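Enquirer: task: produce atomic coordinates for the following.
(2 chains, ligands or ions: 2)
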Amino acid sequence: MYRYDEFDTQFVKGRVAQFRDQVNRRLTGELNEDQFRPLRLMNGLYLQLHAYMLRVAVPYGTLSSRQLHKLAHIARTYDRGYGHFTTRQNIQFNWPRLKDVPEILDELASVEMHAIQTSGNCIRNVTTDQFAGAAADEIIDPRPVGEIIRQWSSIHPEFTYLPRKFKIALTGAPNDRAAVKFHDIGLMAQQNEQGEIGWKVLVGGGLGRTPMIAKTVRDFVTHEDLLAYLESILRVYNRYGRRDNKYKARVKILVHEEGIETIREQVEAEFAEIQGGVLTLPQEELDRITAYFAPLEFKPSNATFDLPKLKAENPGLSRFVMLNAHEHRQPGYTSITISLKPIGGVPGDATADQMDAVAELAKAYSFDELRVTHEQNLVLPHVAIEDVPAVYAELQRIGLAEANAGQITDIIACPGLDFCALANARSIPIAQEISKRFGTPEKQSEIGELKIKISGCINACGHHHVGHIGILGVEKKGTELYQITVGGDATEDAAVGNILGRGFIAEEVPDAIQRLVDKYLGERANDNETFIQVVKRLGQEPFKEALYANG
Amino acid sequence: MQMAEMIGAAPVRDKLRALGIVALNGMFDENDAESVLRTAADELLTGELAVVSSFGADSVVLLHLVSQVNKDLPVYFLETGKHFDETLDYVETLKERLGLTQVEALRPSNADLARFDPNGDLWESDPDSCCHIRKTEPLNEALKQYGGWVTGRKRFQTSERGVLPHFELTSDDRIKINPLAYWGEEEIAAYKAKYDLPEHPLFSEGYKSIGCAPCTSAVAEGEDPRSGRWRGLNKAECGIHFDFNGRIANPVAAKHLTLFRDGKFIDDPFKEFEEGTDPASARYVHVPLPEFLAHRDAYLASPHPLGLLVSPGDKVEDAAADLKRFASIAIKFPAFTDGRGYSSARLVVERYGYTKEVRAVGDVLADQIPLMRRCGINALVVTHDATRKALEEGALAEVALFYQPVGATEVPAGTRPFLRRAAANQ
Ligand code: SF4
Ligand code: SF4
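Expert: Ligands and ions are numbered 1, 2, ... in the order given. Below is the predicted model of the structure:
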């Protein structure tokens, strides 16, 4: 893992001191809310329906056990005993007091964490594959470059008041688990003909009210040119992105309105000016950062899971292994997803006690490392296969052993009307109802992989556009209604789901989902064909018919 | 969301209204009393705010705060005709001591008195009606012109007030501001002591909550102070704390232009450019870039000192070759949230090598200045008081370490880890 050096430490401390001063000026009234808002936002502090909300960055989703213990401590001391993991690999605290926030930031700084740029119209926390550095299909570990981008984008003086927020995601594997095509900039590791590794650069993806799939602006950029290339894109966006309408201010709209060719021309022209300049990344620096992510000292092992045997001895564990274990590149190891989606629970919430327990698991079984996924789960990235039963037993004890990764109950849901001031409708209770409806192991195994994503309004924080089934809360004449989409996909085969028709009231949603699921089960060619595959094969029509069959 | 949007627009439905107040309380809940009062007077309800005071035992604290914020705020005193003489004396004492210029007594209408209380004993038979004609009615009339009013109410005073917030919305969309909502008795006493504020003459005689003479009695030690009001009657609140109506004014900012350069405020030789100025006679103005391009030859032929104004959306590239002709380049920040000027400044300084004055004009605030400087801006036109103060005192809150090489002076020497720099001394 990356470790702060003296410079990083001083930087974050400086930032906390600066914000402490700003909070004081706010509390004495020297700063008015209009002036304070962008400052607090740049430190991750939102004003929500009931209170302030603090969003803490988990850069490229990596945590140490010490850091997770600290998050648990903050949840216990300054909040109501829990934290909420978001779709941006962040954690949110929903109830801090303004005057406590500088204290919380100090606590975070003591474990090399911060809330810098987790909100506001700046470059946000860089995200990546939750299995980075562990996955078997990886071309390159994306974390060193992620860290370099994090540093380059921290309080970038030119790009702190962009037209709108700006999100960068990168994947080192061809199987995209970081939804890079739905980010303002997506980077996909590539190997060129000379065998060099570099990055394909995509721009203009996003969800929100106008979902767009990112377009390729350049097929290959070397490590050394990457920052200059990013700076060129950001400069074009900062200068020409729309500022007259906040709903048209994301770079996706600029790309859409101007066309990718125009944008490419502008970016390339800018890049031609600065290529080879001070932003050129020296190999020594890349090596220096990469050293922090050096391969771990794995024990030689050729252990594998013996599923038939497991199934006979411990069916629960065997299900857990089948669904929540991900292939590791090191023989004898696996990555374990810890689902924060207990049946009927609040997606993404973890109590302080659970966080402490998971941190201990990471220490004992995963080289002290943890990941946060954009699907609001946690991951123990490097678990020896023979340790899995012990891990599973402990997860059962703390109520986090749900075997449902990627299943119908592994639902992403935004905070919705329960917390969010912009919401039209509730999201969490809908997720809970669906989860209860399909929660038995039998039902889930029958259905297989199916990603449901729920947003409480068109801002799409719950990524409903890319749910295999997406649910969007809208308000019509004072009632909360839910529109249903099918066919969304966040992976390298990116697709945006289509709305099937009129919305449903909350009570009707579980039945509506049931009809879609039944249709899928009736249509699939065999047990291995997944919901999304069937939708891609048949199109949305049959699902629409099924959904509205009885009026 | 703009504050004005949240609370200024005509309320569409109850949820929106409630949210406005929730948000106000969220924003200002932890502010101190003076800040709450100042926010209300200067930002939320400029020119539309009144204070209502009983000139009772604790009134001096609120009135002193008012005098700190604005001595000219209208202060209404309900002259019910039933007050202790000591109270009337006390009004004069405080007016003088605190320098309040707009204290006004509100009296009940003679018609009401003749009709409902000809003998002056209504308080005995029906105190609610007595309060109504002596307090509610006159105050209602006086407050019609205001969008909100300040009260001295505190949470601890009666059990009903246990949840009193800083801001309350009345049913007709006006705002009641309770700067002292969270104050306890000890804080009141400490505040009085700190500023050596004169007590109500009856305070020392055991009157802890003083209203009209017939309805006030002394309270015993340790008793709820307000139990002395309407003693024996089932009446805890006087009608005036229920509600009134109006709207919210937009925040207004004071403006005065001054140039800050080389660590101090200096006389600015430049004037505002006026539309339609003859290029030949223009001098000491920042010519807007499109205007310059339209009359490029004329401006280049002019012998006078000129500046160039680059607004967001202008392409400095178009004047790249001519930048050296200008004595000063002004980068416009129409709103501090508009970051296009940072890119323009970097292009002017880094790409085109301009080395003279590059000034930021427009919405230049303390928290953006460090970023501006890093992008090459070396002079500031500041119109914001607190920013001015911060600059004068050298008290900008900034992070002195950078991760990116930006600006002509920050190019890394190569001795440090990639890109990192400590701030150069400004
Ligand atoms: S999608 Fe809408 S309701 Fe949900 S968190 Fe985002 S803004 Fe709030
Ligand atoms: S306080 Fe008593 S005397 Fe004064 S107005 Fe009210 S009822 Fe009448």
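Enquirer: which parts of the stretch 251-400 of chain B sit against chain A?
Expert: B:251, B:312, B:336-340, B:342-344, B:346, B:351, B:365, B:367-368, B:370-372, B:374-375, B:386, B:397-400 (Cβ under 8 Å from any Cβ of the partner chain). From N, CA and C alone the C-beta is placed, and that goes for glycine too.
Enquirer: please pick the buried ones from these.
Expert: B:251, B:312, B:336-340, B:342-344, B:346, B:365, B:367-368, B:370-372, B:374-375, B:397-399 (16 or more other Cβ atoms under 10 Å in any protein chain shown).
Enquirer: pLDDT below threshold where in chain A?
Expert: Scanning chain A for pLDDT under 70 picks out A:49-50, A:550-551.
Enquirer: any idea how it splits into domains?
Expert: A:6-109, A:142-291, A:307-398, A:412-547 (automatic domain parsing).
Enquirer: and of the ones you listed, who's closest to B:I133?
Expert: domain A:6-109 (38.3 Å; Cβ to Cβ).
Enquirer: how long is the closest one end to end?
Expert: One end of domain A:6-109 sits 12 Å from the other (Cα to Cα, to the nearest Å).
Enquirer: cool, stretch B:33-51 as well?
Expert: 14 Å.
Enquirer: export the domains of chain A as JSON lines, with columns for distance to ligand 2.
Expert: Below are the domains of chain A laid out as JSON lines (distance: least, Cβ to the nearest ligand atom, whole Å):
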{"stretch": "domain A:6-109", "distance to ligand 2": "34"}
{"stretch": "domain A:142-291", "distance to ligand 2": "52"}
{"stretch": "domain A:307-398", "distance to ligand 2": "52"}
{"stretch": "domain A:412-547", "distance to ligand 2": "42"}
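Enquirer: so for ligand 1, which of those sits nearest?
Expert: Closest of these to ligand 1 is domain A:412-547, at 2.9 Å (criterion: Cβ to the nearest ligand atom).
Enquirer: okay, now the closest residue to A:T118 other than its chain neighbours: neighbour count?
Expert: Leaving aside its sequence neighbours, A:T118 sits nearest to A:G44 (Cβ to Cβ, 6 or more residues apart in numbering or on different chains; 3.8 Å). Residues near A:G44, counting by other Cβ atoms under 10 Å in any protein chain shown, number 27.
Enquirer: contact partners for the residue positioned nearest the centre of chain A?
Expert: What sits nearest the mean C-alpha location of chain A, by Cα atoms, centre = their mean, is A:H374, with 2.3 Å. Applying Cβ atoms under 8 Å, 6 or more residues apart in numbering or on different chains to A:H374 gives the contacts A:G61, A:T87, A:R88, A:Q89, A:T127, A:Q130, A:A178, A:A179.
Enquirer: which residue is the nearest non-sequential neighbour of the residue in the stretch 201-350 of chain B that chain A sits nearest to?
Expert: Here the stretch 201-350 of chain B gets closest to chain A at one residue, B:G339, 2.9 Å apart by Cβ to the nearest Cβ. The shortest distance from B:G339 to any non-neighbouring residue, by Cβ to Cβ, 6+ apart, is to A:Y161 (2.9 Å).
Enquirer: kindly report the same for B:R374.
Expert: In space, B:R374 is closest to A:P157, 4.0 Å off (Cβ to Cβ, 6+ apart).
Enquirer: excluding sequence neighbours, find me the nearest residue to B:V60.
Expert: B:V60 sits nearest to B:L197 (Cβ to Cβ, 6+ apart), 4.6 Å away.
Enquirer: same thing with A:I155?
Expert: Closest residue to A:I155 apart from its sequence neighbours, by Cβ to Cβ, 6+ apart: B:V399 at 6.3 Å.
Enquirer: do you know how far that neighbour is from A:G44?
Expert: 15 Å (Cβ to Cβ, to the nearest Å).
Enquirer: flag every residue of the stretch 201-350 of chain B that's near ligand 2.
Expert: B:G211, B:C212, B:P214, B:C215 (Cβ under 6 Å from any ligand atom).
Enquirer: separation between A:I430 and A:P295?
Expert: Applying Cβ to Cβ to A:I430 and A:P295 gives a distance of 43 Å.
Enquirer: same thing with B:P214?
Expert: Counting by Cβ to Cβ, the gap from B:P214 to A:P295 is 88 Å.
Enquirer: of those two, who's got more company?
Expert: Between B:P214 and A:P295, counted using other Cβ under 10 Å, B:P214 has the larger neighbour count: 18 against 9.
Enquirer: for that one, helix, strand, or coil?
Expert: The three-state label given to B:P214 by DSSP: H, G, I helix; E, B strand; the rest coil is helix.
Enquirer: give me the residue from the stretch 51-200 of chain B nearest chain A.
Expert: Closest point on the stretch 51-200 of chain B to chain A, by Cβ to the nearest Cβ, is B:V69, at 9.9 Å.
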